[in-house]
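K.L.:
whatever this is, show me its structure:
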Amino acid sequence: MQFRLFIVLGNGGAAGRAYVRSVGRPLGRPGSAQSVTVRRQRQIGARDYDPRMKRALLLGVVAALLVRCGRTTEAPASATPAATPKAETPVAAWVPGLGELMAFQQMRHAKLWLAGEAGNWKLAAYELDELREGFGDIARLHPTHKNAPVPIDQAIETIMTEPLEQASQAIAKGDLAAFRDTFDTLTQGCNSCHQATDFGFNVVQRPKSNPFPNQDFTAPH
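P.N.:
Sure thing, here's the model as predicted:
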């Protein structure tokens with residue numbers, strides 16, 4: 001025969017009670033001495049209960065819960081730290097070469113002449129403004145070039161500023177004769193700039209034909 005001891009705690013520190021429960025077959029016949037002894041053992045009065053036992057049990061339960069929680073939240077010691085992403089190497093911005101920029105200038109120079117000859121002054125003003133911006137890009141991106149004896153940005157400012165302004169005034173007036181004169185002055189300024197920067201072999205002139213057959217240069221009506 002086996003016995004189990006159960007302790008029932010009181011509320012608010014009140015005395016509890018304990019009882020013994022048998023497991024298996026019953027102990028003795030009712031009214032026997034053995035049965036009476038078991039009944040006496042089952043009832044433990046408040047005089048035999050110590051409140052300190054209740055506190056000790058509660059503290060033990062709380063300590064067990066804390067230990068269990070600590071084990072579940074603790075990170076594994078063998079956890080591999082997250083890899084730091086590598087910084088990407090910045091790609092250098094593309095910068096057009098001086099020859100490429102000058103090719104655009106040559107195209108704008110030709111379109112400027114064709115627009116003025118056709119009397120399309122809005123298009124002529126647009127191409128002149130593009131030509132001016134192109135010179136600004138050249139001066140900013142290629143202020144010097146190889147063995148040029150004169151800085152390119154200084155040559156552009158000194159030689160090209162006045163011819164560009166004269167051509168702008170002629171276009172604003174819609175004066176074809178003045179436009180032709182100022183265009184020739186502008187063209188000579190390009191050649192002077194080439195000579196000053198050791199590009200004298202590159203000679204610019206009036207367009208002799210229309211290299212843009214897919215564009216109508218006449219003014220829209």
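
K.L.:
the domain parsing of the protein - what is it?
P.N.:
The record's domain parsing of the chain by automatic domain parsing lists 2-67, 98-196.

K.L.:
which stretch in those has the least confidence?
P.N.:
Among the domains of the chain, domain 2-67 carries the lowest mean pLDDT, a mean of 52.

K.L.:
could I have the CA atoms of stretch 159-171 written out in PDB?
P.N.:
Extracted in PDB, the C-alpha atoms of stretch 159-171 (Å, rounded to 0.1, in the frame of the first residue of the first chain):
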ATOM      1  CA  ILE A 159      37.200  84.900 -77.800                       C
ATOM      2  CA  MET A 160      33.600  83.600 -78.000                       C
ATOM      3  CA  THR A 161      31.600  85.800 -75.600                       C
ATOM      4  CA  GLU A 162      31.300  88.900 -78.000                       C
ATOM      5  CA  PRO A 163      30.500  86.900 -81.200                       C
ATOM      6  CA  LEU A 164      27.700  85.000 -79.400                       C
ATOM      7  CA  GLU A 165      26.200  88.200 -78.100                       C
ATOM      8  CA  GLN A 166      26.300  89.800 -81.600                       C
ATOM      9  CA  ALA A 167      24.600  86.800 -83.200                       C
ATOM     10  CA  SER A 168      21.900  86.900 -80.500                       C
ATOM     11  CA  GLN A 169      21.000  90.500 -81.200                       C
ATOM     12  CA  ALA A 170      20.800  89.900 -85.000                       C
ATOM     13  CA  ILE A 171      18.500  86.900 -84.400                       C
END
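
K.L.:
quick one: neighbours of Leu176, just the number.
P.N.:
A count of nearby residues for Leu176, using other C-beta atoms under 10 Å, gives 14. Where you see a C-beta, it was placed from the backbone N, CA and C, and this is true even at glycine.

K.L.:
quick one, what contacts it?
P.N.:
Taking C-beta atoms under 8 Å, 6 or more residues apart in numbering, we find Leu176 in contact with Gly116, Glu117, Gly119.
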